[in-house]
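Novice: how would this look folded up:
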Amino acid sequence: MKSKSPDRLSCRKGDREIYDLLKKEELLKGKPLIDIFMMALTTGYKEKHRVKLDTKDGLILLYHVPTKLKSIMKAIAIAEEEADLNVLLDEAKVYSIAEEYAAGGIKILKTKVLGGEFGSYIKKLESELVDEFEKIKK
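Specialist: From the prediction side, this is the model:
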């Protein structure tokens, strides 16, 4: 059954503080909230850590989310639903999946960003991306 389309992306109530904390870090200073959300989403997806949102706090109006980023969320939803394209007919489900992976990834992202020196996180991320690219290239 198709759900009502949401007007915003949400996070768990307690996680808003983490988003605000990360926005102050040198690495993410001046970055839009959607960039931090997408980092959390992709981190959660990569780590296969999806968390249900028991309480929601509106975070980002979908009106302001670029189409390219919505496409990434849709691709993750399709992958999560085992390539069932019917998930695209239910925008609420697509965004719910994205929110749940972001909820799973935000604490991991916080640990990675705040757990060491600025340069070390960037180097680790670069190394992970190169490794993933090499896997795909083969």
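
Novice: alpha carbons only for contacts and neighbour counts from here, please
Specialist: Will do.

Novice: pLDDT wise, what is the residue nearest the centre of the chain at?
Specialist: Most central in the chain under Cα atoms, centre = their mean is L41, positioned 1.6 Å from the mean C-alpha point. According to the prediction, L41 has pLDDT 95.

Novice: That one: what secondary structure?
Specialist: Classification of L41 using DSSP: H, G, I helix; E, B strand; the rest coil returns helix.

Novice: same question, I18
Specialist: helix.

Novice: My guess is it contacts L109. True?
Specialist: No. Contact criterion Cα atoms under 8 Å: I18 and L109 do not qualify, at 9.5 Å.

Novice: Which one's more surrounded, those two?
Specialist: L109 (23 against 13; other Cα atoms under 10 Å).

Novice: contacting residues for the more buried one?
Specialist: M39, A40, T43 (Cα atoms under 8 Å, 6 or more residues apart in numbering).

Novice: Which one (most neighbours) among those?
Specialist: That'd be A40 among those, by other Cα under 10 Å, with 26 neighbours.

Novice: Following element in sequence after the helix or strand hosting K110, please.
Specialist: Using DSSP states H and E, K110 falls within helix 91-114. Scanning forward in sequence from helix 91-114 by DSSP H and E, the next helix or strand is helix 118-137.
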